[in-house]
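**Student:** I'll drop the sequence and a predicted model, then ask my questions.
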Amino acid sequence: MKTNSLLKTVSIITVNFNQPKVTEELLQSIPATLKNIEIIVVDNGSRIEPENNWQANYPRVKFIRSEQNLGFAGGNNLGINTATGDYLFLVNNDTGFTDGLVEKLVEVMDSNPAIGMISPMIKYFADKDLIQYAGYTPMNYYTCRNSCIGLREKDNGQYNNITAPTAYCHGAAMMIRKEAIEKAGLMSENFFLYYEEVDWCEHIKRAGYEAWVCTEALIYHKESVSVGKKSALKEYFMNRNRILFIRRNAPFFNKLVFYPYFILLVVPRNLLAYIKDRNYNFIPLLLKAVWWNFSHGKNSKNLGYPIKSIS
């Protein structure tokens, strides 16, 4: 049997929240022959227990339990703080590895010390010919909008053999150089969910590193297993954190344009959409998301969302 030994050590980190079977499917997809890795699973305050003893069934996995749901950033930060690898590979628990995934990303990272983080191509698990991510365009700080390259495109080879800088890595799968984390710091936990990896990319790039994408490496993603495509949780944090991202990262003049744009255009548009779709419960959440940014500092850890609703 072939043994895949890496020159550098890699810590694979994933966060579980009430999805033991999904997480087990991820663990089973990691090649057993892959050496020089450690696997870390952070349980983020789950109330649904695995049917079997994880530690007994997966002896090479290090399990960390948080009694509270710390969000995407907080859960991953727990794993990062215990990781010993030269590179840290953060993956969503609803992803599936492919052969050569880790080795290819390590090879690219090894070849260029300027790369602080890198993501593989991401395809949808349910339709393996459909692309989810092949890179990101730069952020427009006037609107806080950018585009995901390749999103929902059929893979006809149009993004083959791309190994190059990109604006941002994708939170579903990103390998980070440990030295870059030491210089840039951990993910900001006050985002809790959404925009935190984009904010982190900004800080890693400011620390002197580059974000890259490598489409020769591939991972599959079961999109929206954790939160759902339409949920109160998603609506609140997407709106709240869109503003927060601009507060933390945009130049002053861009902020002066973004704030009126969001209040005068985005808020009315969203309200009309909620009314049209009869999602009336989203209306107070949108207003609360906006008010949070007026009433809290950009580094505040008060989420403005009841923990009991997400635990």
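**Tutor:** Ah, there it is. Residues are numbered from 1 along each chain as shown.

**Student:** quick one: secondary structure of P59?
**Tutor:** What DSSP: H, G, I helix; E, B strand; the rest coil gives for P59 is coil.

**Student:** how far is the lengthiest strand in the chain from where the chain is centred?
**Tutor:** Counting by DSSP state E, the longest strand found in the chain is strand 210-221. Chain-centre distance of strand 210-221: 13 Å, with Cα atoms, centre = their mean, to the nearest Å.

**Student:** Quick one: list the elements packing against it.
**Tutor:** Packed against strand 210-221, as judged by 3 or more Cβ pairs under 8 Å, 6 or more residues apart in numbering; DSSP states H and E, are the following elements: strand 95-97, helix 101-111, strand 115-124, strand 163-165, helix 196-206. All C-beta atoms are positioned from the backbone trio N, CA, C, and that covers glycine.

**Student:** what do you get if the cut-off is 10 Å, keeping everything else the same?
**Tutor:** strand 87-91, strand 95-97, helix 101-111, strand 115-124, strand 131-133, strand 163-165, strand 173-177, helix 196-206 (3 or more Cβ pairs under 10 Å, 6 or more residues apart in numbering; DSSP states H and E).

**Student:** tally of neighbours for the nearest residue to G45 once chain neighbours are set aside?
**Tutor:** In space, and not counting its chain neighbours, G45 is closest to N69: 4.0 Å by Cβ to Cβ, 6 or more residues apart in numbering. Using other Cβ atoms under 10 Å, N69 has 23 neighbouring residues.

**Student:** Check whether N69 sits in a helix, strand or coil.
**Tutor:** With three-state DSSP as the criterion, N69 reads coil.

**Student:** Who does the longest strand of the chain pair with, and is each partner parallel or antiparallel?
**Tutor:** Using DSSP bridges, strand 210-221 pairs in its sheet with strand 95-97 (antiparallel), strand 115-124 (parallel), strand 163-165 (antiparallel).

**Student:** starting at the chain centroid, how far to the first one?
**Tutor:** Read it as strand 95-97. 14 Å.

**Student:** Repeat that for stretch 175-185.
**Tutor:** 15 Å.

**Student:** cool, stretch 113-126 as well?
**Tutor:** 11 Å.

**Student:** can you check stretch 117-136 too?
**Tutor:** Counting by Cα atoms, centre = their mean, stretch 117-136 comes out at 13 Å from the chain centroid.

**Student:** and the spatially closest residue to L78 that is not a sequence neighbour, helix, strand or coil?
**Tutor:** With sequence-adjacent residues excluded and distances taken as Cβ to Cβ, 6+ apart, L78 is closest to V42, at 4.9 Å. Put simply, V42 is strand when judged by three-state DSSP.

**Student:** V42 is in contact with V61, isn't it?
**Tutor:** No. V42 is beyond contact range of V61, at 11.0 Å (criterion: Cβ atoms under 10 Å).
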